[in-house]
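**Q** Okay, here's the prediction I keep looking at, along with the sequence it came from:
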Amino acid sequence: MRRHHLRATLLSLLGLTSAASVSITGCGSAATSAASSSASAAADPRPDDHGLRGPLLWEVQGPRASSYLFGTLHIGFRADRDLPDWVWDKLRACDTFVMETNLSKVDVLEVTRLASLPDGQSLADMLPTEDWQELVQLTGLPESTLQSRQPWFASHLVFQQLYPTPVPLDLALMQRASEMNKEIAFLEDWKFQLQVLARTITAKDLGELLGPDGDGRRLMADLIAAYRAGDLERLAAIAEQERAEDPQRHDLLLAARNRDWVPKLRPHLDRGRTFVAVGAAHFPGGDGLIELLRAEGYVLTRVVRP
């Protein structure tokens, strides 16, 4: 098995708000288990973050007032029952909410068009027979509909079936911010996110998620557990291993987007009182948002339970 491809597929879902999943009433995400000790050492967070657990929340000290940076998980985590009240309090104390993309503006018909394979191609032809049969059974879609879908869209269907999430964490935060009359801003266009998915998830990656006893199922559960524990070191090891194995893919999924986000975040952070919520895979490593913002002069301190 090409485990690095599985890792990249799962990281892509952890690192993207995933507009595609909103069109099927959920959001995808997950990643892999612990990487090698050398990768972990190379990606260790700064000493003030090391060993801390709990929600992946950092205070960002700006020139005027503090803001907050929060790492999200797009499936397997329910905001209404899993997010502590004191995290909601931080959102309540802010004036602006920033997330990856506007999930409320996703055009389902356009997603369907972008998720369709070119004429003459079939997803059934891209997968081994047993994988295709499992995919049909798992999703419950007619074969005539499913065979015309791109591998990235089918991957999201798999994640949603395995970890149904009525309201994705990102969307729940945005809805609460709207109810609180916060200013809401976005970092990317949802179509751009679908383009990233299309460029990074293949039929081989999809196949590695199928099979009840496959590595993909175990790795998904492992990542969700790491996120719930707030284990930044494990996330750092995952990101570093992926970067080492496929630098171009890592850059497309995470690093390039992090670099693009920093100047977009700067006005909000300079003004302060901003709550930023993006996929947790964007945080660890030297090319992660935490270190990029520190390099800009911001002081980031992990927030622990009061």
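**A** Cool, got the structure.

**Q** Trp152 is in contact with Gln195, isn't it?
**A** No: at 10.0 Å, Trp152 does not count as touching Gln195 under the criterion of CB atoms under 8 Å. C-beta coordinates here come from the backbone N, C-alpha and C atoms, glycine included.

**Q** Quickly list what's touching both of those two.
**A** With contacts defined as CB atoms under 8 Å, 6 or more residues apart in numbering, no residue is shared by Trp152 and Gln195.

**Q** Of the two, which one has the most company?
**A** Trp152 (28 against 14; other CB atoms under 10 Å).

**Q** The more buried one belongs to a helix?
**A** Yes: counting by DSSP: H, G, I helix; E, B strand; the rest coil, Trp152 is located in a helix.

**Q** where does Leu73 land on pLDDT?
**A** pLDDT for Leu73: 85.

**Q** Dihedrals phi and psi, it?
**A** The phi and psi values for Leu73, taken as degrees, to the nearest 10, are phi -130, psi 130.

**Q** for Ala236, same thing?
**A** According to degrees, to the nearest 10, Ala236 has phi -60, psi -40.

**Q** Go ahead and confirm it touches Asp287.
**A** No: between Ala236 and Asp287 there is no contact, the gap being 11.3 Å when judged by CB under 8 Å.

**Q** And the two? Which one has more around it.
**A** Neighbour count, other CB under 10 Å: between Ala236 and Asp287, Ala236 has more, with 26 against 19.

**Q** separation between the more buried one and Ala124?
**A** 38 Å (CB to CB, to the nearest Å).

**Q** What of Asp95?
**A** Asp95 is 51 Å from Ala124, by CB to CB.

**Q** try Gln175
**A** 38 Å.

**Q** what do you get for Gly272?
**A** 53 Å.

**Q** ok, now Gly285?
**A** Taking CB to CB, one finds Gly285 at 38 Å from Ala124.

**Q** neighbour count winner among the two?
**A** Neighbours around Gly285 and Ala124, counted as other CB under 10 Å, are more numerous at Gly285. The numbers are 27 against 17.

**Q** Does that one fall in a helix, a strand, or a coil region?
**A** Applying three-state DSSP: Gly285 is coil.

**Q** just checking, it touches Ala237?
**A** No: contact criterion CB under 8 Å: Gly285 and Ala237 do not qualify, at 9.6 Å.

**Q** Just the CA atoms of stretch 265-282, as PDB, please.
**A** C-alpha atoms of stretch 265-282 as PDB (Å, rounded to 0.1, in the frame of the first residue of the first chain):
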ATOM      1  CA  LEU A 265      -5.100  37.700   8.000                       C
ATOM      2  CA  ARG A 266      -2.800  40.600   8.900                       C
ATOM      3  CA  PRO A 267      -5.400  43.400   8.800                       C
ATOM      4  CA  HIS A 268      -7.800  41.400  11.000                       C
ATOM      5  CA  LEU A 269      -5.000  40.500  13.500                       C
ATOM      6  CA  ASP A 270      -3.700  44.000  13.500                       C
ATOM      7  CA  ARG A 271      -7.100  45.300  14.400                       C
ATOM      8  CA  GLY A 272      -7.600  42.500  16.900                       C
ATOM      9  CA  ARG A 273     -10.700  40.900  18.400                       C
ATOM     10  CA  THR A 274     -10.800  38.400  15.500                       C
ATOM     11  CA  PHE A 275     -11.600  34.600  15.800                       C
ATOM     12  CA  VAL A 276      -9.900  32.600  13.000                       C
ATOM     13  CA  ALA A 277     -11.100  29.000  12.400                       C
ATOM     14  CA  VAL A 278      -9.300  26.900   9.800                       C
ATOM     15  CA  GLY A 279      -8.400  23.200   9.400                       C
ATOM     16  CA  ALA A 280      -6.000  22.000  12.100                       C
ATOM     17  CA  ALA A 281      -3.600  20.600   9.500                       C
ATOM     18  CA  HIS A 282      -2.600  24.200   8.700                       C
END
